[in-house]
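*Asks:* generate a structure from the sequence data that follows.
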Amino acid sequence: MNLFDVYSLWNIEPVKAKGCRVWDSKGIEYLDLYGGHAVISIGHSHPTYVKALQNQVAEIGFYSNSVQNSLQQELAQKLGEQSGYPDYSLFLCNSGAEANENALKLASFHTGKRRVIAFKEAFHGRTSGAVAVTDNPNIQSLFNKGHDVVFVPLNDINAVEDELRKEDVAAVIIEGIQGVAGIYVPESNFLQQLESLCKQYNTVLILDEIQSGYGRTGHFFAHQPAGIKPHLITMAKGMGNGFPIGGVLISPHFEAKKGMLGTTFGGNHLACAAAIAVLDVMKEESLLLNAARMGDYLKNQLGLISVITEIRGCGLMLGIEFMPEYASVRNQLLFESHIFTGGAKNNVMRLLPPLTISKSEIDFFIRELKKLTD
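*Replies:* The predicted model follows:
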């Protein structure tokens with residue numbers, strides 16, 4: 001049997017990792033500035049994380065959600081305290097797409113409406129509802145197109161209000177920062193107006209913080225500098241540092257009913273142990289502060305490179321747009337300098353390193369980038 005061939009693969013197989021470093025099957029060492037799509041939040045193979053998983057699997061790795069699991073409550077307590085949302089409830093699932101599916105369902109349950117406003121170039125996942133609110137027709141089948149979704153331009157509040165006036169909108173879903181699109185940040189004033197309009201028209205505001213959350217921007221969630229409180233917040237990626245877990249933070253005024261949501265694997269013992277270890281490390285090592293400081297330093301150093309036309313984002317979620325003739329620099333960094341980065345469009349590089357990244361690791365990246373662009 002062969003694998004279903006749907007991924008474009010680099011000819012590299014990572015077999016070992018530590019901190020911000022990865023080694024492949026040939027023994028070559030790489031600097032990881034992408035963290036496997038922003039997943040590695042506290043660094044690869046962090047000893048606290050490894051120990052937590054080892055200890056948990058030696059006790060019990062899984063049982064279903066038909067019994068009590070005190071690890072879920074411990075995770076909810078710590079997440080509420082560190083995120084600034086102690087009064088919200090937590091629903092645990094397995095991935096970002098699943099988190100968005102459940103958030104969209106909750107919004108429709110809550111409002112009795114079905115239409116959704118999403119944003120041009122948005123990416124929210126590949127499952128049925130999540131892909132329906134993703135602005136990429138290439139990954140939507142005819143089945144996915146049965147949902148009632150309208151896409152409007154990011155930061156265009158008038159376009160949003162034109163749709164909300166129809167009074168049939170269950171939810172507006174927006175990324176804390178548009179990642180796949182190339183790192184585009186919603187303006188604070190736009191988010192504030194969006195929150196106000198959603199309240200006015202009895203529409204649920206969903207903040208997709210799957211890539212932009214969990215300390216990546218120097219705040220726990222990317223939307224927090226705007227001073228807003230969405231009704232629903234979706235999470236995944238950095239939440240488990242590689243162990244599959246996702247979640248939805250749910251505003252206190254939502255009513256929970258037995259059987260409304262459910263999942264077999266969501267919030268299992270191993271996933272919770274991993275997520276608790278992530279929060280413990282983030283707090284003990286002040287990783288939000290490190291993300292803010294290292295992000296500022298990285299942005300300043302990138303600003304000195306003349307072939308970069310724009311730097312977008314904040315903290316350790318940055319999009320670097322190069323002059324078109326330097327579109328191949330990402331491949332050169334990977335194969336000549338042994339540095340993992342992400343891409344978006346033809347000439348945009350995405351940087352999403354572990355929140356533990358150091359100044360010396362940033363300096364190495366900048367030196368290698370200058371060699372290729374000077």
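*Asks:* quick check: end-to-end length of stretch 263-274?
*Replies:* End-to-end distance for stretch 263-274, by C-alpha to C-alpha, to the nearest Å: 18 Å.
*Asks:* distance from the chain centre to that stretch, please.
*Replies:* The chain centroid and the centroid of stretch 263-274 are separated by 19 Å under C-alpha atoms, centre = their mean, to the nearest Å.
*Asks:* okay, buried residues for it please.
*Replies:* Within stretch 263-274, the residues scored as buried using 16 or more other C-beta atoms under 10 Å are 263, 265-274. (C-beta placed from N, C-alpha, C; glycine too.)
*Asks:* for stretch 192-204, same thing?
*Replies:* 193-195, 197-198, 201, 203-204.
*Asks:* just stretch 217-237 next, same as before
*Replies:* Across stretch 217-237, burial judged by 16+ other C-beta under 10 Å covers 217-224, 226, 228-237.
*Asks:* for stretch 3-20, same thing?
*Replies:* 14, 17, 19-20.
*Asks:* among the residues you listed, name the ones in helices.
*Replies:* In helices, defined here by DSSP state H, there are no members of the buried residues of stretch 3-20.
*Asks:* could you dump these to JSON lines with distance to residue 6 and pLDDT?
*Replies:* Below are the buried residues of stretch 3-20 laid out as JSON lines (distance: C-beta to C-beta, whole Å; pLDDT from 0 to 100):
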{"residue": "14", "distance to residue 6": "20", "pLDDT": "97"}
{"residue": "17", "distance to residue 6": "24", "pLDDT": "98"}
{"residue": "19", "distance to residue 6": "31", "pLDDT": "98"}
{"residue": "20", "distance to residue 6": "28", "pLDDT": "98"}
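*Asks:* just put those residues in JSON lines and tack on distance to residue 65.
*Replies:* JSON lines is the format used below for the buried residues of stretch 3-20 (distance: C-beta to C-beta, whole Å):
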{"residue": "14", "distance to residue 65": "33"}
{"residue": "17", "distance to residue 65": "31"}
{"residue": "19", "distance to residue 65": "34"}
{"residue": "20", "distance to residue 65": "35"}
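*Asks:* of those, which belong to strands?
*Replies:* Among the buried residues of stretch 3-20, the ones falling in strands (DSSP state E) are 14, 17.
*Asks:* what's near enough to touch residue 76?
*Replies:* 89-90 (C-beta atoms under 8 Å, 6 or more residues apart in numbering).
*Asks:* can you map out the strands along the stretch 51-200 of the chain?
*Replies:* Taking DSSP state E, counting those that start in this stretch to define them, one finds strands in the stretch 51-200 of the chain at 89-93, 115-119, 149-152, 169-175.
*Asks:* out of those strands, which is the most enclosed?
*Replies:* Mean neighbour count (mean count of other C-beta atoms under 10 Å) peaks for strand 169-175 among the strands of the stretch 51-200 of the chain, with a mean of 27.
*Asks:* could I have the CA atoms of that strand written out in CSV?
*Replies:* Only the C-alpha atoms of strand 169-175 are listed here, as CSV (Å, rounded to 0.1, in the frame of the first residue of the first chain):
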residue,chain,number,x,y,z
VAL,A,169,-25.9,36.3,9.9
ALA,A,170,-25.0,33.7,12.6
ALA,A,171,-21.3,34.5,12.8
VAL,A,172,-18.4,36.5,11.6
ILE,A,173,-15.2,34.5,11.7
ILE,A,174,-11.8,36.2,11.5
GLU,A,175,-8.2,35.2,12.1
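*Asks:* centre of the chain to it, how far?
*Replies:* Its chain's C-alpha centre and that of strand 169-175 lie 17 Å apart, by C-alpha atoms, centre = their mean.
*Asks:* likewise for stretch 76-86?
*Replies:* Centroid separation for stretch 76-86 versus its chain: 18 Å, with C-alpha atoms, centre = their mean.
*Asks:* CA-only coordinates of that stretch, as CSV, when you get a sec.
*Replies:* C-alpha atoms of stretch 76-86 as CSV (Å, rounded to 0.1, in the frame of the first residue of the first chain):
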residue,chain,number,x,y,z
ALA,A,76,-9.2,24.8,31.7
GLN,A,77,-8.1,26.5,35.0
LYS,A,78,-4.6,27.2,33.9
LEU,A,79,-5.7,28.3,30.4
GLY,A,80,-8.3,30.7,31.8
GLU,A,81,-5.7,32.3,34.1
GLN,A,82,-3.0,32.7,31.5
SER,A,83,-5.1,33.7,28.6
GLY,A,84,-7.1,36.4,30.5
TYR,A,85,-10.4,34.5,30.0
PRO,A,86,-11.1,32.9,33.4
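*Asks:* now render the buried residues of stretch 192-204 as a markdown table, adding pLDDT and distance to residue 24.
*Replies:* Shown next, in a markdown table, are the buried residues of stretch 192-204 (pLDDT from 0 to 100; distance: C-beta to C-beta, whole Å):
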| residue | pLDDT | distance to residue 24 |
| --- | --- | --- |
| 193 | 98 | 48 |
| 194 | 98 | 44 |
| 195 | 98 | 45 |
| 197 | 98 | 49 |
| 198 | 98 | 47 |
| 201 | 97 | 52 |
| 203 | 98 | 48 |
| 204 | 98 | 44 |
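*Asks:* re earlier: mean pLDDT and distance to residue 367 for the strands of the stretch 51-200 of the chain - can I get that in a markdown table?
*Replies:* As requested, these are exported to a markdown table (pLDDT from 0 to 100; distance: least, C-beta to C-beta, whole Å):
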| stretch | mean pLDDT | distance to residue 367 |
| --- | --- | --- |
| strand 89-93 | 98 | 42 |
| strand 115-119 | 98 | 37 |
| strand 149-152 | 97 | 41 |
| strand 169-175 | 98 | 32 |
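*Asks:* residue 130 and residue 102 touch, don't they?
*Replies:* No - Residue 130 is beyond contact range of residue 102, at 10.0 Å (criterion: C-beta atoms under 8 Å).
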